[in-house]
Structure formats: structure tokens, C-alpha cells
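Colleague: What follows is a predicted protein model with its sequence.
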Amino acid sequence: LSDDEVYWFVTLNSEAGTSSRVGMSHKDMAAEVQSLMGGFSSAWGLPQLLKATPPHMLTRSRCGDRWTAGEFGRGRVTLAGDAAHPMTPNLGQGGCTAL
């Protein structure tokens, strides 16, 4: 990222198997994000951030936590972090959990 760019995301919990609405328009995505973030304090700069983000720059994808049980290693190979149990980005724990 350059000095004048910001990477941001919004995580929305939904029931498994519900529509991810991946095909929605950029304009509709922008309206949905505005709706979701509308209750946050303007002191955090969120209204300015949302206003400064062109709708065509928004993307939407479905991701989820996958908790697994069992072995993560065999012989000299062991899976760690997100390779063993991926998490949504809001948890920010992939590397930390591996340690």
C-alpha cells in the first residue's frame, strides 16, 4: 500500500448456508457497508473512510472459521496456523495460534 491508501474490511456474521450475496453491485455493497457501520462513532474516522472509498474498489467474499479435530502432523510434517484451521481475518490469530 502507498502512504495514502488504507486496507480495511468489515466482517459480518451470518448463518451457514445463507446467501453470501457475492454477486451484488458495488453500489449495493457500499450502501450495505454504510448501513452496517452507521452506528460507529465518527471519532474513529469511519464515515470519512467509507466516503473516500470508491464503490468500484469494494469486493465481497464468503469466508469462515473451520475448526477441526484430529492430527495436524505425520512424520516430519506438521501443519500450523491457518493451514490447520483457517480463521476469518477479524480474529487476526493465524500466526499467533501457530506459535
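Modeller: Cool, the structure landed. Quantities reported herein were computed from a predicted structural model and do not represent experimental measurements. Residues are numbered from 1 along each chain as shown.
Colleague: For burial, what's the neighbour tally of Ser35?
Modeller: 9 (other C-beta atoms under 10 Å). To be clear about C-beta, it is placed using only N, CA and C from the backbone, and glycine gets the same treatment.
Colleague: Make residue 1 into 4 and carry on from there
Modeller: All right, first residue 4 from here; so that's Ser38.
Colleague: Next, it: secondary structure please.
Modeller: Following DSSP: H, G, I helix; E, B strand; the rest coil, Ser38 is assigned to helix.
Colleague: What of Lys54?
Modeller: helix.
Colleague: Same check on the one 10 residues further on?
Modeller: With three-state DSSP as the basis, the three-state label of Ser64 is coil.
Colleague: roughly how far apart are it and Val80?
Modeller: 29 Å (C-beta to C-beta, to the nearest Å).
Colleague: One more: Tyr10?
Modeller: 32 Å.
Colleague: And for the protein, the residue most distant from the center?
Modeller: Gly78 (33.8 Å; C-alpha atoms, centre = their mean).
Colleague: mind pulling up the phi and psi values for Thr81?
Modeller: Thr81 adopts backbone torsions of phi -140, psi 130, taken as degrees, to the nearest 10.
Colleague: Check it and give its pLDDT.
Modeller: Looking at Thr81, its pLDDT stands at 86.
Colleague: which residues touch the closest residue to it other than its chain neighbours?
Modeller: Using C-beta to C-beta, 6 or more residues apart in numbering and skipping residues adjacent in sequence, the residue nearest Thr81 is Phe75, 5.8 Å away. Phe75 is in contact with 81-83, 87, counting by C-beta atoms under 8 Å, 6 or more residues apart in numbering.
Colleague: Okay, and which of these map to strands?
Modeller: Thr81 (DSSP state E).
Colleague: Derive a ChimeraX selection command for the buried subset of the contacts of Phe75.
Modeller: Remark: buried members of the contacts of Phe75, expressed as a ChimeraX selection using 16 or more other C-beta atoms under 10 Å:
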select :87
